[in-house]
Structure formats: C-alpha cells, structure tokens
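In: Model the structure of this input:
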Amino acid sequence: MQHLNYNHLYYFWMVQSKGSVVKAAEALCLTPQTVTGQIRALEERLGGALFKRVGRQLEPTDLGELVYRYADKMFNLSYELLDILNYRKDASMLFEVGIADALSKALSSRVLLSVLPTDGSMHLACYEATHESLIGRLREHKLDMILSDCAGESLKYPEILSKKLGECGVSFFSSRQYSKPFPACLEEDKLLIPGKRTSLGQQLHRWFAEKNLSVGILGEFDDAAMMKAFGYFGKGIFVAPSIYKQDILGHGMCLLGETLDIREEYHVMFAERMIQHPAVKRLLETDFSDLFHGKDRQVQSF
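Out: Below you'll find the predicted structure:
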C-alpha cells in the first residue's frame, strides 16, 4: 500500500477544523483553488468523497468523519511533539498566555509574575480577548494557557484542563454617598457593570433580581479598567473585586457596600499537552491563597 500524502491530509484537516475552504486557505496562505485541488487528490487516493455540500455549507461524509478523527489525533500529536521539543531547548522559551478581557489586569499580572523565572529564560507574550475566542486559540495550539473568570467552556473539551486559582467578593463604589443603606442605595444612581456575557455580569443580574432591586444601568463593559474610569469621572456606581478596595478608596471614591454573594473567580486553562511546560507546572504547584485572602491582599488596580 502506498503512503498517504500528509500535505493533502493536512489541508483536509484544516478545512474541517476551520469550517470552510476559504478560512483554511487564509490560514495556510494558499488560494482556495489550491486547497480544493489537494483535497480532490486525497479523495482519489482514498477512493471516496470526504465532503458533501449541504446548502452553502460543506459537511463531512461518513468517510470524511472517519478520516478527520484520525487526522485530528495525528496533527495534535505532532503539535504536542513540537511543544515538548521546544521545552528542551536552551534558548529563551516562549510562553503565550491569553487573558480574558473581563479580568483585572493587575491581578492577572501578579499571577503570571509569580511563575516566571527570573533568569530571563522565558519570553512572555500576552493576548487579551473574549473567553470564547481564547478557548478557540487554545484548541488551535496558538496559546499555551488561558486566565479566565469561568471554566465552564473547558468542560466541553476533554483535552483542556482547568484549575481554580482563587476567588474574592465584590464591592460597590461611587464618587458620592447616598441616602439609602446598601444595597438599596444602588437604586439611587445609574450603574456601571461588567457585560452580561461575563461571569461577573451574569452574577450581578441574578443578585439584583434576588434582592428585588430595580436598578438602572448606564453602561456595560468588557474592560474593567474602562468601567472604573467612568466611575472615577463620577458617572455612576461601579463594581470591582474587593481586593482592590483600598486602592479605589485612595482615588477619592466612597465604598457603598460589599458582598460575598457575588464572587470574581480566577481559573487557569491549558491543553493537556501543556502540563509539562515549566511555567504551567509552577503555576499548578503555587498556592495563591495569600493573593486572594491573605493579610497583604490589596492589589493596585488599573
């Protein structure tokens, strides 16, 4: 039996992984016609069609699904091999980390700095995006690790592992005081809160309903720093993790109240192959209790 053309197999795998010939061609820096021609050559070699057209979409045939399952294992193993070989090099090691845009950058930086070697042997590259986008990049081997506020998405993919690093309650701040006690005072001004697609935003909306609070929302933000900036300009009541309380009060803000019913969580997610990465290993072995609950838990926010 003749050997398979692995380039042809790789092009097929990319089309199925990306969802279309056009997207795969863009990722491969090839023309769609070239990719289509290579897949046809693979179909001739295998003796059957790999795709069928359903409306405007390409869907794998039974043969295509079978071939993709094997190709997916093969190319994921090849990426894993390259990762492991890179860890053994003496040169500066690249550590690519995705940070969910809903998370505080101050605390994220503290977490990362705690596991980076001080000898300059590791080169850190950080990327900020939505949780969903980062999960996709992690599955495509474009990231080594993710810091996020939720781990639910990782449960869909058995190859992605996660660990909860810590959590803390939240506090409400404003540039002025109000007549009603907390939490009723939240009805006296417009709110600045995280977006509904974030874990913290979803918890806030549920908490408002549980407390029968009729609140008005001025704005929802994916970027916590932007939300605080609006609050610092006196544009409403904003929420922040309680570990930043002293720093925010230092900006002249008033503390309206705090609750442990709403918690910001920090999770680290990584592909199973990354468990041998030195920085990931150090992070999994590190106890972050002091960062979230210790006496010296106040972190400068920005």
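In: shaky segments in the stretch 201-302 of the chain?
Out: Where the stretch 201-302 of the chain drops to pLDDT under 70, the residues are 293-302.
In: which stretches of it form strands?
Out: For the stretch 201-302 of the chain, the strands defined by DSSP state E, counting those that start in this stretch occupy 216-221, 237-241, 254-271.
In: any idea which helix or strand comes after whatever helix or strand residue 135 lives in?
Out: Applying DSSP states H and E as the criterion places residue 135 in helix 131-139. Moving toward the C-terminus from helix 131-139, the next helix or strand (DSSP H and E) is strand 145-148.
In: List the neighbouring strands of that next one plus their orientation.
Out: strand 93-100 (parallel), strand 254-271 (antiparallel) (DSSP bridges).
In: measure the residue most central in space within the chain to residue 32 for me?
Out: Nearest to the geometric centre of the chain sits residue 131, at 3.5 Å (CA atoms, centre = their mean). Applying CB to CB, to the nearest Å, the value for residue 131 to residue 32 is 31 Å. For glycine as for every other residue, the C-beta is placed from the backbone atoms N, C-alpha and C.
In: cool, residue 109 as well?
Out: 42 Å.
In: what do you get for residue 102?
Out: From residue 102 to residue 32 the distance is 36 Å (CB to CB).
In: more neighbours, the two?
Out: residue 102 (24 against 15; other CB atoms under 10 Å).
In: Could you confirm the more buried one falls within a helix?
Out: No: per DSSP: H, G, I helix; E, B strand; the rest coil, residue 102 lies outside any helix segment and is coil.
In: dump the residue contacts of the closest residue in space to it that isn't next to it in sequence.
Out: Leaving aside its sequence neighbours, residue 102 sits nearest to residue 198 (CB to CB, 6 or more residues apart in numbering; 4.0 Å). With contacts defined as CB atoms under 8 Å, 6 or more residues apart in numbering, residue 198 is in contact with 102, 149, 222.
In: can you pull the pLDDT of the first one?
Out: In this prediction, residue 102 carries a pLDDT score of 76.
In: What's the separation between it and residue 134?
Out: 11 Å.
In: Next: the second one.
Out: Taking CB to CB as the measure, residue 149 and residue 134 are separated by 11 Å.
In: Same check on the last one?
Out: When CB to CB is applied, the distance between residue 222 and residue 134 equals 13 Å.
In: Name the residue in the two with the higher neighbour count.
Out: The neighbour comparison of residue 222 against residue 134 (other CB under 10 Å) goes to residue 134, with 25 against 17.
In: Residue 166 belongs to a strand?
Out: Yes: per three-state DSSP, residue 166 lies within a strand segment.
In: count of residues packed around residue 164?
Out: 11.
In: circling back: contacting residues around the residue nearest to the centre of the chain?
Out: 100, 102, 146, 148-150, 153.
In: Just give me the neighbour total for residue 240.
Out: So residue 240, with other CB under 10 Å, has 24 neighbours.
In: Please read the previous query as pertaining to residue 43.
Out: If we define neighbours as other CB under 10 Å, then residue 43 has 19 of them.
In: Surely it touches residue 49?
Out: Yes: with contacts counted by CB atoms under 8 Å, residue 43 reaches residue 49, the gap being 5.8 Å.
In: What mean pLDDT does the helix holding residue 135 get?
Out: 86.
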